[in-house]
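>>> Provided below for reference: sequence and predicted model.
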Amino acid sequence: MLLMVLPAVGLLAVFYYTPILGSVIAFQDYSPYVGIKDSPWVGLANFQWLMLDASFWDATLNTLSITAFQLVFYFPVPIMLAILLDSIVRPRVRLLMQSIVYMPHFFSWVLVVSLFQQMFGGAGLLSQILREHGYRGIDLMTNPDTFILLVTAETIWKDAGWGTIIFLAALAAIDQNQYEAAAVDGAGRWRRMWHITLPGLRPVIILLLILRLGDALNVGFEQFFLQRDAVGREAAEVLDTFVYWRTLLTGEWSYGAAAGLVKGVVGLVLIVIANKVAHRFGEQGIYQRT
Amino acid sequence: MTTRAYRTIPAWAERPSPAGRAAKAAVLTLIAAAILFPLYMVTLTSLSTQEAVSAAGGLVTRPSPGHLSFAAYRELFAGGVVTRAVLVSLGVTGVGTAISLAVTVLAAYGLSRTGSLLHRPILFLILLTFLFVPGMIPSYLVVSSLGLIDTYWALILPSAVWAFNLVVMRAFFMNIPREIMDSARIDGAGEFRILWRIVLPMSKGVTAVIGLFYAVGYWNAFFNAVLYLNDTSMWPLQLVLRQYVLQGQSIYAGQSGESIVAGQNLPPSLAVQMAIVVVAMIPVLFIYPFVQKHFTKGVVIGAVKG
């Protein structure tokens, strides 16, 4: 038995647990030529620098704004879409629609951003149509002011369909007799949705909401990495891209490790808090109380 | 579960009004079009002649007979950067998926036997990976100190095990009735044999879905190549896609001064760019229908619920 588990445990030990131990370089002035053993220890100096670094706080603010914005404008979309899909009567139409809306989830971010560029970029379809009708073309791919709308639209296009799966499962678990009873008592379509469908979805909605809050510092790295150059640092720098550009490219290893460690620890704390809240609501959370 | 199929509207429900039905049909069509139409235009443009693209002033939206051509694809596959990138991506995806699936299936089966030696601590170590993400820098240093920079192993090994997939698979194995395996054990079958002959054949659906998740992950992987491959001649397709389509770089890019398509030294035409997009898309579109039916059989629902 142990033999079977060994390869997986070995891979995790090397590529997951060793980097966690390696995070000690956040407390050093690490140089790859000297190695971890001989690099000088500097205590919390890297973290002090980080706290005084305006671009770190800009990246944090961007990350949190995007999380907040998407909580309002992305989060409800899969719920509404799931209710719509669930209301399709003909099984074949329903299956077809499910196949279509799940699909973009499997495309890479490079592909999705490329497609959006072809639609909304300076040489894209939208500009093409505008120019044909005598207007000036617009380039939404490089405009920092509308960037948050753009990334939210991309996220909706790619993942809203896939996000319906868990809600569809919850919808299928709602007892159909409730609907019948309500209809017999004279509740119309909308009242049934309000009093049966939404309460039926409530546990899943609360769970996902809490998990999203626990994951507030992660907004999808590749999506921002790919668009940061076109839009500019001010709008598109998030915490992960900050670590990459500010440190990996300049060789300030310890500084980058410190930023990564701060993000990891804050993320861990948020998840633990989110789970506590989930338990308070009587939900499972991602790990159970033991 | 999602295929709960009522063929008729239940008797107690109100009949939908014609206007309501039309509105719903319109919304559904709009959603489907928002997803499919970009894919259609990109494909059409990649199949269009230079004249058709110039006439459209960009993406071709309507097919015009006589202006279809495979020239862009012939250029791409005549050798050069794209051909090699496709081979790299196929190779990494194939080898990576095989390794990931093997490791995941073995570990999931091993851990599905509750009560075996070290079962709980190992499970805990795996679940912990959900909670804490080690930083980019220490991960880079580990890969680098193992000498994996500028090797294809750097694209496979660090991401070979997804704890999520492992947990899903284990949950599935745990639902297989104990008695089946116990009777095989009494008949003298070893654990590997039980896994191969009994458990796996009963788990085709979940294995297919997890395999798809891994394969798509490897095919789409982008950032690990940015991080771990300095040698642009080793680039997988996603990086080539970014460079030539997203950044619209001309041909001299690439340290070797090699052209994107053999024997050409101009920026790639829109048709060629769109052909790269289609090539990046095709494997996903090709495998998807075969695995998709398992999503609706509840595999993924179980998966998402964990």
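All right, it came through fine.
>>> Flag the shaky bits of the stretch 101-250 of chain A, pLDDT-wise.
Along the stretch 101-250 of chain A, no part satisfies pLDDT under 70.
>>> ranges for the helices of it?
A:109-120, A:125-132, A:147-172, A:176-184, A:189-192, A:198-214, A:221-231, A:233-236, A:239-243 (DSSP state H, counting those that start in this stretch).
>>> which secondary structure elements does the helix or strand containing residue B:182 contact?
In the assignment (DSSP states H and E), residue B:182 maps to helix B:178-186. When contacts are defined as 3 or more CB pairs under 8 Å, 6 or more residues apart in numbering or on different chains; DSSP states H and E, helix B:178-186 sits against helix B:191-194. Bear in mind the C-beta positions are built from the backbone N, C-alpha and C, glycine included.
>>> contact partners of the helix it packs on?
A:1, A:4, B:109, B:181, B:184-185 (CB atoms under 8 Å, 6 or more residues apart in numbering or on different chains).
>>> for the residue of the stretch 151-290 of chain A found nearest chain B, what are its contacts?
Closest contact between the stretch 151-290 of chain A and chain B, by CB to the nearest CB, is at residue A:260 (2.2 Å). Neighbour list for residue A:260: A:23, A:26, A:243, B:134-138 [criterion: CB under 8 Å, 6+ apart].
>>> JSON lines please, covering these and showing neighbour count.
Shown next, in JSON lines, are the contacts of residue A:260 (neighbours: other CB atoms under 10 Å in any protein chain shown):
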{"residue": "A:23", "neighbour count": "20"}
{"residue": "A:26", "neighbour count": "25"}
{"residue": "A:243", "neighbour count": "24"}
{"residue": "B:134", "neighbour count": "22"}
{"residue": "B:135", "neighbour count": "26"}
{"residue": "B:136", "neighbour count": "22"}
{"residue": "B:137", "neighbour count": "28"}
{"residue": "B:138", "neighbour count": "26"}
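>>> Distance to residue A:160 added to those, as JSON lines?
Output for the contacts of residue A:260, formatted as JSON lines (distance: CB to CB, whole Å):
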{"residue": "A:23", "distance to residue A:160": "35"}
{"residue": "A:26", "distance to residue A:160": "37"}
{"residue": "A:243", "distance to residue A:160": "28"}
{"residue": "B:134", "distance to residue A:160": "30"}
{"residue": "B:135", "distance to residue A:160": "30"}
{"residue": "B:136", "distance to residue A:160": "28"}
{"residue": "B:137", "distance to residue A:160": "33"}
{"residue": "B:138", "distance to residue A:160": "34"}
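>>> These in helices, which ones?
A:243, B:136-138 (DSSP state H).
>>> sorry, back to before: now, which of the contacts of residue A:260 sits nearest residue B:32?
If you rank the contacts of residue A:260 by distance to residue B:32 using CB to CB, residue B:136 comes first, at 38.2 Å.
>>> Quick one: residues contacting the closest residue to that closest one other than its chain neighbours.
The spatially closest residue to residue B:136, leaving aside those adjacent along the chain, is residue A:243, at 5.4 Å (CB to CB, 6 or more residues apart in numbering or on different chains). Residues near residue A:243 by CB under 8 Å, 6+ apart: A:256, A:259-260, A:263, B:135-137.
>>> As JSON lines, those residues with pLDDT and distance to residue B:42 would be great.
Shown next, in JSON lines, are the contacts of residue A:243 (pLDDT from 0 to 100; distance: CB to CB, whole Å):
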{"residue": "A:256", "pLDDT": "90", "distance to residue B:42": "37"}
{"residue": "A:259", "pLDDT": "92", "distance to residue B:42": "38"}
{"residue": "A:260", "pLDDT": "91", "distance to residue B:42": "37"}
{"residue": "A:263", "pLDDT": "92", "distance to residue B:42": "36"}
{"residue": "B:135", "pLDDT": "84", "distance to residue B:42": "37"}
{"residue": "B:136", "pLDDT": "88", "distance to residue B:42": "32"}
{"residue": "B:137", "pLDDT": "89", "distance to residue B:42": "37"}
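>>> I figured residue A:239 was touching residue A:63, is that so?
Yes - using CB atoms under 8 Å, residue A:239 is in contact with residue A:63, at 5.0 Å.
>>> can you list residues touching both of the two?
Shared contacts of residue A:239 and residue A:63, counting by CB under 8 Å, 6+ apart, come down to residue A:217.
>>> In the stretch 101-250 of chain B, what residue lies closest to chain A?
residue B:135 (2.2 Å).
>>> what residue lies at the spatial centre of chain B?
Nearest to the geometric centre of chain B sits residue B:216, at 1.2 Å (CA atoms, centre = their mean).
>>> Find the nearest non-adjacent residue to residue B:132, please.
residue A:268 (5.0 Å).
>>> What count of nearby residues applies to that neighbour?
Residue A:268 sits with 15 neighbouring residues when counted by other CB atoms under 10 Å in any protein chain shown.
>>> Which of the helices or strands spans it?
Judged by DSSP H and E, residue A:268 forms part of helix A:253-280.
>>> and residue A:215, what is it in contact with?
A:267, A:270-271.
>>> Which of these ranks first by neighbour count?
Going by other CB under 10 Å, residue A:271 tops those with 22 neighbours.
>>> Does at least one residue of stretch B:105-121 sit close to chain A?
Yes - remark: stretch B:105-121 sits within contact range of chain A at B:106-107, B:109-111, B:113, B:116-119, by CB under 8 Å from any CB of the partner chain.
>>> swap that for stretch B:199-208, sorry
No - using CB under 8 Å from any CB, stretch B:199-208 stays clear of chain A, coming no nearer than 11.5 Å.
>>> which residues touch residue A:120?
A:126, A:139-141, A:150.
>>> one more time with 10 Å
Going by CB atoms under 10 Å, 6 or more residues apart in numbering or on different chains, residue A:120 touches A:126-127, A:138-141, A:143, A:146, A:150, A:153-154.
>>> quick one: it from chain B, how far?
10 Å (CB to the nearest CB, to the nearest Å).
>>> now do residue A:96
Taken as CB to the nearest CB, the span from residue A:96 to chain B is 8 Å.
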